[in-house]
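1. coords below, sequence missing:
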(Lines give C-alpha, C1' and ligand atoms only; values in the text may rest on other atoms or scores of the structure.)
Protein backbone atom coordinates (compact mmCIF):
# COMPACT_ATOMS: atom_id res chain seq x y z
CA UNK A 1 0.00 0.00 0.00
CA UNK A 2 2.86 2.36 0.84
CA UNK A 3 4.39 1.86 -2.60
CA UNK A 4 1.02 2.63 -4.25
CA UNK A 5 0.63 5.84 -2.28
CA UNK A 6 4.17 6.94 -3.15
CA UNK A 7 3.53 6.22 -6.82
CA UNK A 8 0.32 8.25 -6.81
CA UNK A 9 2.06 11.16 -5.10
CA UNK A 10 4.85 11.05 -7.69
CA UNK A 11 2.36 11.07 -10.56
CA UNK A 12 0.50 13.98 -8.98
CA UNK A 13 3.74 15.92 -8.68
CA UNK A 14 4.60 15.29 -12.33
CA UNK A 15 1.12 16.17 -13.66
CA UNK A 16 1.56 19.97 -13.61
CA UNK A 17 4.85 19.71 -15.48
CA UNK A 18 3.28 17.46 -18.10
CA UNK A 19 0.37 19.88 -18.50
CA UNK A 20 2.75 22.83 -18.89
CA UNK A 21 4.70 21.01 -21.59
CA UNK A 22 1.48 20.14 -23.41
CA UNK A 23 0.54 23.84 -23.39
CA UNK A 24 3.54 24.70 -25.59
CA UNK A 25 3.75 24.57 -29.37
CA UNK A 26 7.15 23.70 -30.80
CA UNK A 27 8.07 25.65 -33.95
CA UNK A 28 9.90 22.85 -35.72
CA UNK A 29 10.52 24.98 -38.82
CA UNK A 30 12.50 27.50 -36.78
CA UNK A 31 15.77 25.55 -36.65
CA UNK A 32 18.17 27.28 -39.06
CA UNK A 33 19.78 25.29 -41.84
CA UNK A 34 23.01 27.22 -41.32
CA UNK A 35 23.89 25.21 -38.20
CA UNK A 36 24.15 21.99 -40.21
CA UNK A 37 26.95 23.51 -42.29
CA UNK A 38 28.86 25.15 -39.44
CA UNK A 39 30.98 24.17 -36.44
CA UNK A 40 29.64 24.90 -32.97
CA UNK A 41 32.39 26.58 -30.95
CA UNK A 42 30.44 27.15 -27.75
CA UNK A 43 27.37 28.83 -26.29
CA UNK A 44 26.36 32.34 -27.29
CA UNK A 45 27.22 34.98 -24.62
CA UNK A 46 24.36 35.08 -22.13
CA UNK A 47 24.37 38.89 -21.98
CA UNK A 48 24.35 39.43 -25.75
CA UNK A 49 21.16 41.16 -26.88
CA UNK A 50 18.95 39.80 -29.64
CA UNK A 51 16.15 41.50 -31.55
CA UNK A 52 13.41 39.08 -32.51
CA UNK A 53 10.30 39.30 -34.63
CA UNK A 54 7.25 37.28 -33.53
CA UNK A 55 4.80 36.56 -36.37
CA UNK A 56 1.17 36.00 -35.37
CA UNK A 57 -1.47 34.27 -37.49
CA UNK A 58 -4.49 36.26 -38.60
CA UNK A 59 -7.75 35.06 -37.01
CA UNK A 60 -9.91 35.09 -40.18
CA UNK A 61 -7.83 33.77 -43.11
CA UNK A 62 -10.86 32.48 -45.05
CA UNK A 63 -12.53 35.91 -44.91
CA UNK A 64 -9.28 37.53 -46.06
CA UNK A 65 -9.07 35.17 -49.02
CA UNK A 66 -12.69 35.88 -49.90
CA UNK A 67 -12.09 39.63 -49.86
CA UNK A 68 -8.97 39.27 -52.01
CA UNK A 69 -10.88 37.23 -54.59
CA UNK A 70 -13.76 39.71 -54.56
CA UNK A 71 -11.50 42.71 -55.10
CA UNK A 72 -10.60 41.40 -58.55
CA UNK A 73 -13.85 39.67 -59.47
CA UNK A 74 -15.98 41.98 -61.62
CA UNK A 75 -19.14 40.12 -60.59
CA UNK A 76 -18.45 40.67 -56.88
CA UNK A 77 -19.94 43.50 -54.82
CA UNK A 78 -16.42 43.93 -53.38
CA UNK A 79 -14.84 44.55 -56.80
CA UNK A 80 -12.17 47.27 -56.41
CA UNK A 81 -13.58 48.34 -53.04
CA UNK A 82 -10.15 48.46 -51.45
CA UNK A 83 -9.84 48.83 -47.69
CA UNK A 84 -7.61 51.23 -45.77
CA UNK A 85 -4.90 49.92 -43.42
CA UNK A 86 -7.12 50.83 -40.46
CA UNK A 87 -10.11 48.96 -41.94
CA UNK A 88 -7.90 45.97 -42.69
CA UNK A 89 -6.59 45.90 -39.12
CA UNK A 90 -10.11 46.13 -37.72
CA UNK A 91 -11.50 43.34 -39.90
CA UNK A 92 -8.60 40.92 -40.09
CA UNK A 93 -6.00 41.96 -37.51
CA UNK A 94 -5.05 40.14 -34.34
CA UNK A 95 -7.46 40.92 -31.51
CA UNK A 96 -6.55 43.42 -28.80
CA UNK A 97 -6.80 40.66 -26.19
CA UNK A 98 -4.32 38.44 -28.08
CA UNK A 99 -1.97 41.37 -28.53
CA UNK A 100 -2.11 42.08 -24.80
CA UNK A 101 -1.46 38.44 -23.95
CA UNK A 102 1.49 38.31 -26.34
CA UNK A 103 3.03 41.46 -24.92
CA UNK A 104 2.48 40.19 -21.36
CA UNK A 105 4.18 36.88 -22.20
CA UNK A 106 7.17 38.67 -23.71
CA UNK A 107 7.43 41.12 -20.82
CA UNK A 108 7.12 38.27 -18.33
CA UNK A 109 10.22 36.73 -19.90
CA UNK A 110 12.14 39.98 -19.57
CA UNK A 111 11.91 41.00 -23.24
CA UNK A 112 11.23 44.61 -24.22
CA UNK A 113 8.54 45.15 -26.86
CA UNK A 114 9.83 47.72 -29.35
CA UNK A 115 7.23 47.75 -32.11
CA UNK A 116 3.84 46.25 -33.01
CA UNK A 117 2.30 46.53 -36.48
CA UNK A 118 -1.10 48.14 -36.93
CA UNK A 119 -2.72 44.75 -37.52
CA UNK A 120 -0.95 43.29 -34.47
CA UNK A 121 0.45 40.46 -36.57
CA UNK A 122 4.12 41.24 -36.00
CA UNK A 123 5.79 42.09 -32.71
CA UNK A 124 9.39 43.24 -32.51
CA UNK A 125 11.03 42.59 -29.13
CA UNK A 126 14.54 42.45 -27.71
CA UNK A 127 16.26 40.69 -24.83
CA UNK A 128 19.45 38.95 -23.80
CA UNK A 129 20.41 35.49 -24.99
CA UNK A 130 19.73 34.16 -21.48
CA UNK A 131 16.22 35.66 -21.45
CA UNK A 132 15.42 34.39 -24.94
CA UNK A 133 16.64 30.87 -24.15
CA UNK A 134 14.49 30.69 -21.03
CA UNK A 135 11.40 32.14 -22.69
CA UNK A 136 11.56 30.01 -25.85
CA UNK A 137 12.92 26.91 -24.11
CA UNK A 138 15.81 26.55 -26.51
CA UNK A 139 19.60 26.90 -26.50
CA UNK A 140 21.61 29.33 -28.60
CA UNK A 141 25.11 28.46 -29.69
CA UNK A 142 27.95 30.27 -31.39
CA UNK A 143 28.96 28.80 -34.75
CA UNK A 144 31.84 29.24 -37.14
CA UNK A 145 31.53 29.01 -40.92
CA UNK A 146 33.26 30.56 -43.89
CA UNK A 147 35.74 32.46 -41.76
CA UNK A 148 33.06 34.19 -39.70
CA UNK A 149 30.94 33.49 -36.64
CA UNK A 150 27.24 33.73 -35.95
CA UNK A 151 24.77 32.78 -33.23
CA UNK A 152 21.78 30.52 -33.78
CA UNK A 153 19.35 28.35 -31.85
CA UNK A 154 20.36 24.69 -31.60
CA UNK A 155 16.84 23.38 -31.03
CA UNK A 156 13.36 24.41 -32.10
CA UNK A 157 11.82 27.19 -29.96
CA UNK A 158 8.56 26.66 -28.08
CA UNK A 159 5.78 29.21 -27.61
CA UNK A 160 2.49 29.08 -25.66
CA UNK A 161 -0.19 27.10 -27.46
CA UNK A 162 -2.69 29.82 -26.53
CA UNK A 163 -0.83 32.42 -28.60
CA UNK A 164 -1.08 32.23 -32.44
CA UNK A 165 2.67 32.67 -32.94
CA UNK A 166 3.83 30.61 -35.89
CA UNK A 167 7.34 31.97 -36.49
CA UNK A 168 10.16 33.66 -34.58
CA UNK A 169 12.60 35.64 -36.73
CA UNK A 170 16.08 36.76 -35.71
CA UNK A 171 17.32 33.75 -33.75
CA UNK A 172 19.87 33.10 -36.48
CA UNK A 173 22.22 36.10 -36.62
CA UNK A 174 23.76 34.90 -39.89
CA UNK A 175 20.63 36.23 -41.56
CA UNK A 176 20.14 39.98 -41.29
CA UNK A 177 16.93 40.88 -39.45
CA UNK A 178 15.78 44.44 -40.10
CA UNK A 179 12.46 46.28 -40.05
CA UNK A 180 11.33 49.84 -40.61
CA UNK A 181 11.19 50.13 -36.82
CA UNK A 182 14.99 50.04 -36.84
CA UNK A 183 14.92 53.48 -38.43
CA UNK A 184 12.97 55.09 -35.58
CA UNK A 185 16.09 56.95 -34.48
CA UNK A 186 16.47 58.38 -37.97
CA UNK A 187 13.05 59.92 -38.52
CA UNK A 188 12.80 61.58 -41.91
CA UNK A 189 15.97 59.94 -43.22
CA UNK A 190 15.78 57.70 -46.30
CA UNK A 191 16.26 53.98 -45.85
CA UNK A 192 19.87 53.84 -47.03
CA UNK A 193 22.80 51.99 -45.56
CA UNK A 194 20.66 49.53 -43.57
CA UNK A 195 21.40 46.72 -46.00
CA UNK A 196 24.23 46.75 -48.47
CA UNK A 197 23.91 45.06 -51.89
CA UNK A 198 25.94 42.19 -50.45
CA UNK A 199 23.54 41.95 -47.50
CA UNK A 200 20.56 41.76 -49.84
CA UNK A 201 22.22 39.05 -51.90
CA UNK A 202 22.82 37.06 -48.72
CA UNK A 203 19.32 37.61 -47.32
CA UNK A 204 17.62 36.41 -50.51
CA UNK A 205 20.25 33.73 -51.21
CA UNK A 206 20.89 35.24 -54.63
CA UNK A 207 22.70 32.87 -57.03
CA UNK A 208 26.31 33.96 -57.62
CA UNK A 209 27.03 35.50 -61.01
CA UNK A 210 23.40 36.43 -61.70
CA UNK A 211 23.17 40.22 -61.87
CA UNK A 212 20.08 40.94 -63.97
CA UNK A 213 22.10 43.39 -66.04
CA UNK A 214 19.92 44.98 -68.74
CA UNK A 215 16.69 43.45 -67.43
CA UNK A 216 13.66 45.75 -67.12
CA UNK A 217 11.47 45.39 -64.05
CA UNK A 218 7.87 46.63 -63.66
CA UNK A 219 6.59 47.51 -60.18
CA UNK A 220 2.87 48.12 -59.67
CA UNK A 221 1.95 50.35 -56.77
CA UNK A 222 -0.40 52.96 -55.39
CA UNK A 223 0.58 56.31 -53.93
CA UNK A 224 3.31 58.93 -54.26
CA UNK A 225 6.54 57.71 -55.85
CA UNK A 226 8.86 60.73 -55.56
CA UNK A 227 10.26 59.82 -52.14
CA UNK A 228 10.64 56.16 -53.12
CA UNK A 229 12.65 57.05 -56.22
CA UNK A 230 14.75 59.51 -54.22
CA UNK A 231 15.53 56.77 -51.68
CA UNK A 232 16.49 54.41 -54.52
CA UNK A 233 18.96 56.91 -55.97
CA UNK A 234 20.30 57.67 -52.49
CA UNK A 235 20.95 53.93 -52.07
CA UNK A 236 22.77 53.90 -55.43
CA UNK A 237 24.94 56.84 -54.39
CA UNK A 238 25.65 55.33 -50.97
CA UNK A 239 27.04 52.14 -52.52
CA UNK A 240 28.68 53.57 -55.65
CA UNK A 241 26.11 52.07 -58.04
CA UNK A 242 25.27 53.75 -61.34
CA UNK A 243 21.81 55.37 -60.87
CA UNK A 244 19.08 53.03 -62.03
CA UNK A 245 16.83 54.77 -64.61
CA UNK A 246 13.20 54.88 -63.51
CA UNK A 247 10.15 55.69 -65.66
CA UNK A 248 6.83 56.31 -63.91
CA UNK A 249 3.57 55.65 -65.74
CA UNK A 250 0.49 57.12 -64.05
CA UNK A 251 -2.75 55.30 -64.89
CA UNK A 252 -5.91 57.45 -64.58
CA UNK A 253 -8.06 56.44 -61.62
CA UNK A 254 -11.11 55.91 -63.86
CA UNK A 255 -9.32 53.59 -66.26
CA UNK A 256 -10.27 49.91 -66.16
CA UNK A 257 -7.51 47.42 -65.39
CA UNK A 258 -5.41 46.60 -68.43
CA UNK A 259 -5.66 43.00 -69.69
CA UNK A 260 -2.79 40.75 -68.75
CA UNK A 261 0.09 41.13 -71.21
CA UNK A 262 -0.97 44.56 -72.48
CA UNK A 263 0.90 47.84 -72.05
CA UNK A 264 -0.80 50.48 -69.86
CA UNK A 265 -1.48 53.86 -71.50
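-> Structure received. Small disclaimer: the values here were computed from a predicted structure and weren't measured.
2. quick one: stretch 33-42 to chain centroid distance?
-> Its chain's average C-alpha position is 23 Å from that of stretch 33-42, according to CA atoms, centre = their mean, to the nearest Å.
3. oh, I was asking about stretch 150-166
-> Distance, centroid of stretch 150-166 to centroid of chain: 13 Å (CA atoms, centre = their mean).
4. Quick check: buried residues in that stretch?
-> By neighbour count on 16 or more other CB atoms under 10 Å, the buried set for stretch 150-166 is 150-159, 163-165. Using the backbone N, CA and C atoms, a C-beta is placed for each residue, glycine as well.
5. Out of those residues, which sit inside helices?
-> Using DSSP state H, no member of those falls in helices.
6. In space, what's closest to residue 225 - neighbours in sequence excluded?
-> The shortest distance from residue 225 to any non-neighbouring residue, by CB to CB, 6 or more residues apart in numbering, is to residue 248 (5.5 Å).
7. Surely residue 31 touches residue 141?
-> No: the pair residue 31 / residue 141 is not scored as a contact, 11.7 Å apart, by CB atoms under 8 Å.
8. farthest pair in the buried residues of stretch 150-166?
-> Greatest spatial distance in those: 150 and 164, 28.9 Å, computed using CB to CB.
9. shaky segments in the protein?
-> 1-22, 176-196, 199, 202-203, 252-265 (pLDDT under 70).
10. mind giving me the domain split of it?
-> The chain breaks down by automatic domain parsing into domains covering 23-58+93-175, 190-208+218-250.
11. Please work out how many residues are found near the spatially closest residue to residue 164 that is not a sequence neighbour.
-> Spatial nearest neighbour of residue 164, chain neighbours left out: residue 57 (4.1 Å); criterion: CB to CB, 6+ apart. Neighbour count of residue 57, defined by other CB atoms under 10 Å: 13.
12. One more: residue 142?
-> Neighbour count of residue 142, defined by other CB under 10 Å: 19.
13. elements contacting the host helix or strand of it?
-> Assigned by DSSP states H and E, residue 142 falls within strand 140-145. When contacts are defined as 3 or more CB pairs under 8 Å, 6 or more residues apart in numbering; DSSP states H and E, strand 140-145 packs onto strand 39-43, helix 129-136, strand 148-153.
14. now it and helix 129-136, what's the angle there?
-> 120 degrees (axes from the mean of the first three to the mean of the last three CA atoms, to 10 degrees).
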